[in-house]
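1. Fold the following for me, if possible:
(one chain, ligands or ions: 1)
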Amino acid sequence: MNTCRYETDPMHAQLASWIAAARKIVVFTGAGISTESGIPDFRSPGGVWSQSQPVFFEEFLRSSSARDEYWRQKSITHREFASAHPNLGHRVLADWERRGLIRGVITQNIDGLHQQAGSQAVLELHGTAREVACLGCQKRWPADEWVAWYEEHLQAPDCPDCGGPLKHATISFGQSLDPQVLEQAARWSTDCDLFLALGSSLVVQPAAGLPVLAQSQGARLVIINRDPTPLDTNADLRLAGPLGETLGQVDATLAGTVQAST
Ligand code: NAD
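-> Numbers count the residues shown, from 1 in each chain. This is a model prediction of the structure:
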């Protein structure tokens, strides 16, 4: 018996039927999946870079005042991240992984909310803001400790072991992505038959190349994003969100699809 209590949107029904039929599904997420958790995205008004200029990696290495500015900005975003909780979109994706429906999530996000929701197979292309790493000896700590240290001293911290500069374990502008994470993401993208790109403006490279790679290997491409993206015309299906509600409705439709076919 179909348990859906709302009129099924034909686009949601289409996506649910593709999910039910797919062999391997890869999900790719951007900042848009976390806006419903209260974390502003990158480019929208009120987003991170409408308020301050990012510190490029080269400047961070070169100048102690740039490192102080970096830590000033990070202590602000850290509070947003620390008080945020996964939303329905994160929870649906974690549930799809538990049920074996998706292979995992490739994320551009640094907020750790997929893991908090219960996702285990998560490739963090841009690293994580939940940790701080020494650029000298690579030692890592939970970010909380060093943000608290910064807030007390108002200057960028150095590694207590080797004296190297400490930085969040994220990829800054001008810094290279971890090649192993990128290779793994490329392997997943090459080996899937459905690729869901969720909440990303799809302009940040090389991450935005992954949906193109997946499609070039025969995968269907579905984009769910509030604003237009440069890949919209290539997409097999394009929905405008909002993501939590949309994924929740697709999940409910999927439950109906699975029940109806058993
Ligand atoms: P982006 O800001 O460039 O694009 C986000 C997209 O999400 C926008 O096009 C917007 O239309 C859409 N969106 C916002 N809220 C939505 C919703 N509720 N439903 C549907 N769509 C919604 O983000 P990006 O493409 O991920 O690139 C930004 C970069 O900034 C990434 O490198 C990421 O590491 C970093 N970033 C991360 C976070 C985070 O971890 N939460 C937040 C801000 C920026």
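2. Which helix or strand lies directly C-terminal to the lowest-mean-pLDDT helix or strand in the chain?
-> Within the chain, judged by mean pLDDT, DSSP states H and E, the helix or strand with the poorest mean is helix 48-51; its value is a mean of 60. On the C-terminal side of helix 48-51, the nearest following helix or strand under DSSP states H and E is helix 57-62.
3. and that following helix, what other elements does it pack with?
-> Under the contact definition 3 or more Cβ pairs under 8 Å, 6 or more residues apart in numbering; DSSP states H and E, helix 57-62 sits against helix 64-83. Bear in mind the C-beta positions are built from the backbone N, C-alpha and C, glycine included.
4. what does the very next helix or strand once past the helix it packs on contact?
-> Counting by DSSP H and E, the element after helix 64-83 in chain order, helix or strand, is helix 88-98. Under the contact criterion Cβ atoms under 8 Å, 6 or more residues apart in numbering, helix 88-98 has outside partners 19, 25, 27, 29, 33-34, 36-37, 86, 102, 104-105, 113-114, 116-121, 198-199, 243-248, 250-251.
5. from the residues you listed, which are also near the ligand?
-> The subset of these within reach of the ligand, counting by Cβ under 6 Å from any ligand atom, consists of Ser34, Glu36, Gly199, Leu243.
6. Among the residues you listed, which one lies nearest to Thr233?
-> Gly199 (19.0 Å; Cβ to Cβ).
7. Run a quick neighbour tally on the closest one.
-> Gly199 has 26 neighbours, counted by other Cβ atoms under 10 Å.
8. and the spatially closest residue to it that is not a sequence neighbour, how far is that from Thr107?
-> Of all residues beyond its chain neighbours, the one nearest Gly199 is Gly32 (2.4 Å), with distances taken as Cβ to Cβ, 6 or more residues apart in numbering. Using Cβ to Cβ, to the nearest Å, Gly32 is found at 11 Å from Thr107.
9. same question, Leu213
-> 16 Å.
10. what's the answer for Phe173, then?
-> Using Cβ to Cβ, which is the criterion applied here, Phe173 is 18 Å from Thr107.
11. Just want to know which of these two has more residues nearby.
-> Between Phe173 and Thr107, counting by other Cβ under 10 Å, Thr107 is the more crowded of the two (31 against 13).
12. wait, what's in contact with the closest residue in space to the more buried one that isn't next to it in sequence?
-> Here the nearest residue to Thr107 in space, its sequence neighbours aside, is Thr29; by Cβ to Cβ, 6+ apart that works out to 4.6 Å. With contacts taken as Cβ under 8 Å, 6+ apart, Thr29 has the following neighbours: Leu93, Val105, Ile106, Thr107, Gln108, Asn109, His114, Leu198, Gly199, Ser200.
13. And Thr29, its phi and psi?
-> The main-chain torsion angles of Thr29 are listed as degrees, to the nearest 10 and equal phi -120, psi 150.
14. Show me what it is bridged to.
-> On DSSP bridges, the residues paired with Thr29 through beta bridges are Thr107, Leu198.
15. Show me what from the stretch 101-250 of the chain comes close to the ligand.
-> Of all the residues in the stretch 101-250 of the chain, those in contact range of the ligand (Cβ under 6 Å from any ligand atom) are 108-111, 126, 199-201, 204, 225-227, 241-243.
16. from memory Pro86 sits against Gln116, does it?
-> Yes. In this structure, Pro86 sits in contact with Gln116. The criterion is Cβ atoms under 8 Å, and the distance is 5.0 Å.
17. In a helix, Val26, correct?
-> No. Secondary structure assignment places Val26 outside any helix; it is strand (DSSP: H, G, I helix; E, B strand; the rest coil).
18. nearest spatial neighbour of it, skipping sequence neighbours?
-> Closest to Val26 by Cβ to Cβ, 6+ apart is Cys192, at 4.2 Å.
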